[in-house]
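Novice: my questions are about this predicted structure, shown below with the sequence.
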Amino acid sequence: MKSVVLFSLFVALSLVDADSYFYYLVESSNQTVFESSALYTAHQLPSLDSYIQVSSAQMTDGKLLAHTELPVVALSIPSEGFAQFLLTVDQIKAKLFFSRACAAGSRYEQRTIAVVEVSDLQLLDQINDEKGPIERQVLTLLPWEVAATPLQFSSVQNNDLEQIINSLSTTTYMTLLRGLSGEVPIVVDGVSRTTRTRNTYAQPHIWAGEWTAAYFRELGYAVTIQRFNVGSTPTFNVIATKTGTATPAQIFIMGAHYDSTSQTPATVAPGAVDNGSGSVAVMIAAAAMARYSFRSTIQFVLFGGEEQGLVGSNFLVANRAGANIRSALIMDMIAYSNRFYGVIIEGTRNQAIMNLMDAYEAQLRIWSPRLTIRKDYSSFGSDHVPFQRAGIPAFLAIEQDDTNYPHYHRSTDTVQWVNADQSVDILKGLVALLYNQATA
């Protein structure tokens, strides 16, 4: 990409807070021609109702690079109506730059701030919501000389989320997946092991679980081995916990099942896509977030016994002993891409679940614009279901080619069929959502 100079400018976002400012960071070849609108991440400061932080670091691959001279508008929308709002945005051919649900307890609780680009401000008259009024504020871009002077951008800049997202590496992802799926040996308690199967009834699945537990411990997490039986066969969940600094009783979960199966489960069930792909995504998310602190507690969970009927996730939910689990973000089969490069967000029509699904979709549109997104409201067959049945908001992220995968539950489910770019793109939105939940 051509060499450019970075400039920052700001506008008052009066609908949010009179003391809040919207920092609009753009790339420009000179001081008057602005060539892009790179709004793509946010951070909420405790002292403000809502503070939007914008950065251009992700633009190095040009994904979000687009010339615009159109009006940019900030909207405050009832969160219950956000899904309908997204449909209307598509209908009027507006561009959603950014959205974020406002923090509980803030003046704008149960509302979502969205920033859109629209060709004609009159088109916004088509955006209505039966859930409540929509406030709007046209954002006026100030000249560089005015905008650069009043505020020190670096003094309030928070790049934590940006750095976390940028550290999600496809190289690390594939390295771990080759080990978990038995393509290369792993080291467990100082002994080289090969996990060609992770079937619940086969010894190598114990090695795989212990290997992931050691990985989390090395990252500094408190690791719990939650033991249970599938029939008479012992197995376990691996739970890696980072305790929150302000509201530790609130728990946000990211999870996936690590067991596998095939037509030869006792000997060869590599499970690279199902579900090494989701398990390793949880592992690299934990690595990316390990050195940061969060207001609420985060748990990274690898479930056992999924292939025998969601046994591990059912056990965790049934034995939560009053734990305040606020949500569960679950991955299963995220790596195969043939007809689609995309994700299905699977949930239910429960309002809290739909809000969570909408929040994930919004983060995907910011961080992973290449992904196609489809929502499904008939949950079944994976570890999100026990949480939903217990009244805990949860959804499943799964590849759009899930029913088209020819190596499903076969000994041929190997890393050969893995699209690491798709996996990491699916993960980016989940990590951003988890970060926002745990820092709110």
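Specialist: Cool, got the structure. As the structure is a computational prediction, the values presented were derived from the model and not from experiment.

Novice: for burial, what's the neighbour tally of the nearest residue to residue 323 once chain neighbours are set aside?
Specialist: Once flanking residues are discounted, residue 323 sits nearest to residue 251: 5.8 Å by CB to CB, 6 or more residues apart in numbering. All C-beta atoms are positioned from the backbone trio N, CA, C, and that covers glycine. Residues near residue 251, counting by other CB atoms under 10 Å, number 22.

Novice: with residue 284 instead?
Specialist: Using other CB under 10 Å as the criterion, the residues surrounding residue 284 number 22.

Novice: just checking, it touches residue 427?
Specialist: Yes: the criterion here is CB atoms under 8 Å, and residue 284 meets it with residue 427 at 7.3 Å.

Novice: where along the stretch 251-400 of the chain do the helices fall?
Specialist: 277-289, 311-318, 351-367, 384-389 (DSSP state H, counting those that start in this stretch).

Novice: now the third one: how far from the chain's centre is it?
Specialist: So the one you mean is helix 351-367. In this view, helix 351-367 has its centroid 9 Å away from the chain centroid, taken as CA atoms, centre = their mean, to the nearest Å.

Novice: on that earlier part again, residue contacts, the residue nearest to residue 323?
Specialist: Applying CB atoms under 8 Å, 6 or more residues apart in numbering to residue 251 gives the contacts 296-299, 323-326.

Novice: so what pairs up with it in the strands?
Specialist: Assessed by DSSP bridges, residue 251 has beta-bridge partners residue 297, residue 325.

Novice: look up how far residue 325 lies from residue 359.
Specialist: Between residue 359 and residue 325 the distance is 17 Å, computed by CB to CB, to the nearest Å.

Novice: between those two, which has more neighbouring residues?
Specialist: With neighbours defined as other CB under 10 Å, residue 359 and residue 325 compare such that residue 359 has more, 24 against 20.

Novice: hmm, residue 433 and the more buried one touching each other?
Specialist: Yes: applying CB under 8 Å, one finds residue 359 in contact with residue 433, separated by 5.6 Å.

Novice: coming back round to it: between the contacts of residue 251, which is closest to residue 384?
Specialist: residue 325 (12.3 Å; CB to CB).

Novice: dump the residue contacts of the closest one.
Specialist: Residue 325 makes contacts with 251-253, 387, 392, as judged by CB under 8 Å, 6+ apart.

Novice: any shared contact partners between residue 284 and residue 427?
Specialist: Counting by CB under 8 Å, 6+ apart, the shared contacts of residue 284 and residue 427 are residue 168.

Novice: now render the helices of the stretch 251-400 of the chain as CSV, adding distance to residue 161 and mean pLDDT.
Specialist: Shown next, in CSV, are these (distance: least, CB to CB, whole Å; pLDDT from 0 to 100):
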stretch, distance to residue 161, mean pLDDT
helix 277-289, 10, 98
helix 311-318, 27, 98
helix 351-367, 9, 91
helix 384-389, 24, 97
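
Novice: give me the below-cutoff pLDDT ranges for the stretch 151-300 of the chain.
Specialist: For the stretch 151-300 of the chain, the stretches flagged by pLDDT under 70 are 151-158.

Novice: for it, just list every one of the strands.
Specialist: Remark: strands assigned in the stretch 151-300 of the chain by DSSP state E, counting those that start in this stretch are 186-188, 191-193, 222-230, 233-242, 247-257, 296-303.

Novice: buried residues, the second one. List them.
Specialist: Of the residues in strand 191-193, those scored as buried under the neighbour-count criterion (16 or more other CB atoms under 10 Å) are residue 193.

Novice: partner strands of that strand and their direction?
Specialist: strand 186-188 (antiparallel).

Novice: need the longest helix for this protein.
Specialist: helix 420-439 (DSSP state H).
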